[in-house]
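>>> Only the shape, not the letters, is given here:
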């Protein structure tokens, strides 16, 4: 039982909700042309496999690079079997590579059957995923982590899922992918704001380390506001329907969270940001469904 618990905590399946939301938004955007639920399932399984591989390989390199150690802030906040040596690093690397193989295999099949642009999207996503903490690139350590997360869970996942269904890209959907991608990136920013002192001590350059924690707090609040404002603008300009204003219900989470982050960031700010992402994403999905039912 402990063995299974350790692997569950290492893979972090609760984070897969963000991947499911990105893939579902892209798929629902194709509803007018018709949706293949089999292709949706394949895209979703492939993306979830890559997400699981990402979680494992990132923790693997954070532990190997002596960033995630027992007294690190991240380890104090969440259970971390790798940092406590409850999982063998070689096994973690092996399982990560297996998940990469599953995700890339499904992606290759979709590229062959639905169009080669999927291969380009998949390669970019896999490289960003692997190089997130792997040296010498280590995007997270060079203040590029937030952009990497935004790119993968925003435009790449959303547009890629749409292409799987339609063999085409959509400029309006690119704009729609931006707010959710921003909010997913803020999970990392919240983590980095909390860990500013520790990251600076470790020689890790994150946005709060590079520009200061106050600037990081201001950026966080500004980007949350931008995500909601973007949906309002898109609903008024016709990119989204007025149903999309349902996402404003997530302000009941966003407003107190922004107040906390700006004043005194809580230890679980990243987890609270993830809850905001899920609420925002589910409401956006609901608005797309409602627009189909009641156009």
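Received, thanks. Because the structure is a prediction, the values reported are computed rather than measured.

>>> Show me where the stretch 101-250 of the chain has its helices.
If DSSP state H, counting those that start in this stretch is used as the criterion, the helices of the stretch 101-250 of the chain fall at 117-130, 145-151, 157-166, 171-194, 196-202, 207-211, 213-237.

>>> which of these is buried the deepest?
helix 157-166 (a mean of 25; mean count of other CB atoms under 10 Å). Any C-beta I mention is one placed from the backbone N, CA and C, and that applies to glycine too.

>>> angle of it against helix 171-194?
Per axes from the mean of the first three to the mean of the last three CA atoms, to 10 degrees, the angle that helix 157-166 makes with helix 171-194 is 150 degrees.

>>> in the stretch 101-250 of the chain, what spans have low per-residue confidence?
Nowhere does the stretch 101-250 of the chain drop to pLDDT under 70.

>>> could the helices of the stretch 101-250 of the chain be laid out in a markdown table, adding distance to residue 263?
Output for the helices of the stretch 101-250 of the chain, formatted as a markdown table (distance: least, CB to CB, whole Å):
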| stretch | distance to residue 263 |
| --- | --- |
| helix 117-130 | 33 |
| helix 145-151 | 21 |
| helix 157-166 | 33 |
| helix 171-194 | 12 |
| helix 196-202 | 15 |
| helix 207-211 | 15 |
| helix 213-237 | 9 |
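
>>> Of those, which is nearest residue 95?
Within the helices of the stretch 101-250 of the chain, the stretch nearest residue 95 is helix 117-130; the backing value is 14.3 Å (CB to CB).

>>> So which elements touch the closest one?
Contacting helix 117-130 under the criterion 3 or more CB pairs under 8 Å, 6 or more residues apart in numbering; DSSP states H and E are the following elements: helix 37-64, helix 89-114, helix 145-151, helix 157-166.

>>> Go through the longest one and flag the buried ones.
It refers to helix 37-64. 39-40, 42-44, 46-64 (16 or more other CB atoms under 10 Å).

>>> Check residue 2 and give its pLDDT.
For residue 2, the model assigns a pLDDT of 85.

>>> one step back: distance to residue 130 added to the helices and strands packed on helix 117-130, as a markdown table?
As requested, those are exported to a markdown table (distance: least, CB to CB, whole Å):
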| stretch | distance to residue 130 |
| --- | --- |
| helix 37-64 | 6 |
| helix 89-114 | 8 |
| helix 145-151 | 11 |
| helix 157-166 | 16 |
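
>>> That concludes my questions; thank you for your assistance.
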